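Enquirer: Return a 3D structure for these sequence lines:
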Amino acid sequence: MQICNASVKFLIAICLVVFAGCGGDDETVAPLQDTTAPAAITDVACIDRSNVSATLQWTATGDDDNTGTATSYQIRFSMAMIDSANWSSATLATGAPTPKTAGSTETHEVTGLAPMTRYYFALKAADETPNWSGVSNSPDTTTDLPALLQITTHPAVDHSPAYSADGTMLAFVSERGGFGQEIWILPATGGAAIQITSFSNASASYYSQSPSWSPTGDSLVFHSNNMGSYDIWVVDVSAGAPYQPYRITSLATDEQFPEWSHDGTMIAFCDDCDAANSDIYYVSPAGGSRTQVTTDGLANRSPTWSPNDDNIAFNSFRDGNVSIYSIQLSSGLISRVSFERDEETNPSWSPDGNFIAYMQNSSEGPPSRWNVSYVSITSGVSHTVTDTNDGLHQNFPWWSPDGKRIAYTNWSTPEANIYSVRIQ
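Expert: Just a heads-up that it's a prediction; the model follows:
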């Protein structure tokens with residue numbers, strides 16, 4: 001019995017020693033420390049933009065490297081590429097999303113940006129500790145133009161803008177030379193303007209108008225009355241000054257309102273445009289024989305090509321009003337496009353082929369005024385782009401090649417300037 005008691009006491013003593021070695025009542029066991037950070041994100045991309053925002057997309061990283069779910073993101077933006085050296089000085093974006101599980105697609109719209117500005121973006125991910133990932137790649141994008149952009153600011157009259165095929169340049173008509181109206185070009189977002197034609201001088205003022213770019217962007221077509229009646233002219237702008245326009249029509253009647261086809265092989269225009277019986281034709285950019293498109297002489301003017309060059313839209317006095325019509329070149333079938341009560345002229349076909357912009361003479365008022373509208377080819381539903389009630393005019397619309405904007409003339413007596421407005 002004594003031996004048993006002794007054994008029990010021995011075992012108790014061993015247990016007390018072991019317990020004391022584990023910390024006893026006076027110590028706690030430290031938890032294991034998480035030292036594995038989320039993996040750095042390497043595929044951040046800018047997938048969309050507006051004039052004041054940019055939308056980013058990336059693949060979610062994990063809590064530990066590329067496993068699990070991170071706890072938070074930080075997104076920053078700057079006007080310089082972002083790396084670990086300048087990360088903390090970049091601007092912190094608000095509203096970063098809660099991370100999804102590793103491998104998921106994430107998107108976030110960064111707001112509060114300035115229009116027409118180049119920005120770089122980067123982000124980091126953190127776990128709950130927090131352990132922070134390295135800095136991601138740093139993509140950039142340039143924010144879009146403001147919804148309404150004034151492109152020219154000259155005190156003279158600037159009107160009739162036309163985008164180049166790549167959208168980088170505008171041709172327009174201006175009186176800034178001091179005599180008559182001549183063709184000028186400038187960057188599509190504004191800047192220094194270059195005079196292309198110079199027929200006018202102190203002894204004679206001519207009207208060179210209605211410019212349209214070749215698809216390659218190296219030449220312009222326009223009409224001018226510097227030889228008496230209006231003729232169609234072409235000028236190469238790629239070689240620089242001095243520019244040498246050449247005439248491709250030379251009839252005694254007035255040929256006006258040319259537009260270059262999208263495939264570059266034809267130039268549409270109207271003949272005898274100041275007469276009530278004008279019709280639509282087209283001719284090679286090199287000149288020569290012309291092809292008649294309309295044959296009814298119902299004041300058919302201001303042709304514009306559809307994107308695939310199989311139709312020409314124009315304004316015409318038929319059905320008791322001046323409205324927009326379209327003719328299918330293969331069949332000669334003419335269909336009415338606009339159905340407003342007022343006068344609609346100077347059409348411009350959208351790049352996707354779904355809409356035609358035009359200038360509308362609104363007689364409702366007072367006062368009467370020109371506004372810019374566009375109409376759906378399929379539904380006939382029209383939308384007003386500009387709508388003034390002060391007697392001023394907005395006219396001569398032209399679609400941008402991406403279909404997002406319409407450039408037009410804003411008249412503010414005695415000035416007129418070129419503007420563009422965002423459509424979508």
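Enquirer: CA only for contacts and neighbour counts going forward, please
Expert: Noted.
Enquirer: Identify each buried residue in stretch 140-149, please.
Expert: Asp140, Thr141, Thr142, Thr143, Asp144, Leu145, Pro146 (16 or more other C-alpha atoms under 10 Å).
Enquirer: In contact with the last one, which residues?
Expert: By C-alpha atoms under 8 Å, 6 or more residues apart in numbering, the residues touching Pro146 are Asn51, Pro115, Met116, Arg422.
Enquirer: Kindly reformat those as a markdown table containing distance to Trp349.
Expert: Shown next, in a markdown table, are the contacts of Pro146 (distance: C-alpha to C-alpha, whole Å):
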| residue | distance to Trp349 |
| --- | --- |
| Asn51 | 25 |
| Pro115 | 27 |
| Met116 | 26 |
| Arg422 | 16 |
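Enquirer: Among the buried residues of stretch 140-149, name the ones in strands.
Expert: Among these, the ones falling in strands (DSSP state E) are Asp140, Thr141, Thr142.
Enquirer: Point out where the stretch 301-424 of the chain drops to low pLDDT.
Expert: Along the stretch 301-424 of the chain, segments meeting pLDDT under 70 span 363-368, 387-392, 413.
Enquirer: so where's this protein shaky on pLDDT?
Expert: Checking the chain against pLDDT under 70 turns up 1-31, 363-368, 387-392, 413.
Enquirer: coming back round to it: which one of the buried residues of stretch 140-149 is nearest to Pro38?
Expert: Asp140 (23.4 Å; C-alpha to C-alpha).
Enquirer: That closest one is in contact with Arg118, isn't it?
Expert: Yes - with contact defined as C-alpha atoms under 8 Å, Asp140 reaches Arg118; the gap is 6.8 Å.
Enquirer: quick check, Thr35 in a helix?
Expert: No - looking at Thr35 with DSSP: H, G, I helix; E, B strand; the rest coil, it is coil, so not inside a helix.
Enquirer: Doesn't Ser88 lie inside a strand?
Expert: No - with three-state DSSP as the criterion, Ser88 is helix rather than part of a strand.
Enquirer: how near is it to Lys124?
Expert: To Lys124, Ser88 is 11 Å away according to C-alpha to C-alpha, to the nearest Å.
Enquirer: the more surrounded of those two?
Expert: Neighbours were counted for Ser88 and for Lys124 using other C-alpha atoms under 10 Å; Lys124 has more, 21 against 11.
Enquirer: partner residues bridging the more buried one?
Expert: Beta bridges link Lys124 to Gln74, judged by DSSP bridges.
Enquirer: Please tell me I have it right and it contacts Ala70.
Expert: No - using C-alpha under 8 Å, Lys124 is not in contact with Ala70, being 10.3 Å away.
Enquirer: quick one, strands of the stretch 251-400 of the chain?
Expert: Per DSSP state E, counting those that start in this stretch, the stretch 251-400 of the chain carries strands over the ranges 255-260, 267-271, 279-283, 290-292, 301-305, 311-318, 321-328, 334-336, 343-349, 355-362, 369-376, 382-384, 393-399.
Enquirer: Please enumerate the helices of this structure.
Expert: Taking DSSP state H as the criterion, the chain carries its helices at 2-21.
Enquirer: For the residue lying closest to Trp349 once chain neighbours are set aside, give the beta-bridge partners.
Expert: Excluding the flanking residues, the one nearest Trp349 by C-alpha to C-alpha, 6 or more residues apart in numbering is Ile356, at 4.5 Å. Note on Ile356: beta-bridge partners by DSSP bridges are Trp349, Val375.
Enquirer: Count the neighbours of Ile356 for me.
Expert: 26.
Enquirer: beta partners for the nearest residue to Gln244 once chain neighbours are set aside?
Expert: Spatial nearest neighbour of Gln244, excluding adjacent residues (C-alpha to C-alpha, 6+ apart): Val235 at 6.0 Å. Legend: beta-bridge partners of Val235 under DSSP bridges are Leu220.
Enquirer: Run the chain-centre distance for stretch 147-154.
Expert: In terms of C-alpha atoms, centre = their mean, to the nearest Å, the centre of stretch 147-154 is found 15 Å from the chain centre.
Enquirer: Look up how far Ser88 lies from Ala156.
Expert: 49 Å.
Enquirer: which one of the strands of the stretch 251-400 of the chain lies closest to Thr35?
Expert: Of the strands of the stretch 251-400 of the chain, nearest to Thr35 by C-alpha to C-alpha is strand 393-399, at 56.5 Å.
Enquirer: Partner strands of the closest one and their direction?
Expert: Within its sheet, strand 393-399 is paired with strand 405-412 (antiparallel), according to DSSP bridges.
Enquirer: Buried residues in the partner strand, which are they?
Expert: Residues of strand 405-412 classed as buried: Arg405, Ile406, Ala407, Tyr408, Thr409, Asn410, Trp411 (neighbour count, 16+ other C-alpha under 10 Å).
Enquirer: Can you pull out the residues in contact with that strand?
Expert: 158-162, 372, 392-400, 416-424.
Enquirer: ok, 6 Å please
Expert: With C-alpha atoms under 6 Å, 6 or more residues apart in numbering as the test, strand 405-412 has contacts from 159, 392-400, 416-423.
Enquirer: same check, this time on stretch 104-122
Expert: 51-60, 75-79, 81, 136, 138-146.
Enquirer: Recalculate using a threshold of 8 Å.
Expert: Contact with stretch 104-122 is made by 44, 50-60, 75-83, 93-94, 96-97, 99-100, 135-146, as judged by C-alpha under 8 Å, 6+ apart.
Enquirer: Produce a ChimeraX select command limited to the buried residues of those residues.
Expert: Command for ChimeraX that selects the buried part of the contacts of stretch 104-122, burial taken from 16+ other C-alpha under 10 Å:
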select :44,50,51,52,53,54,55,56,57,58,59,60,75,76,77,78,81,82,83,93,96,99,100,135,136,137,138,139,140,141,142,143,144,145,146
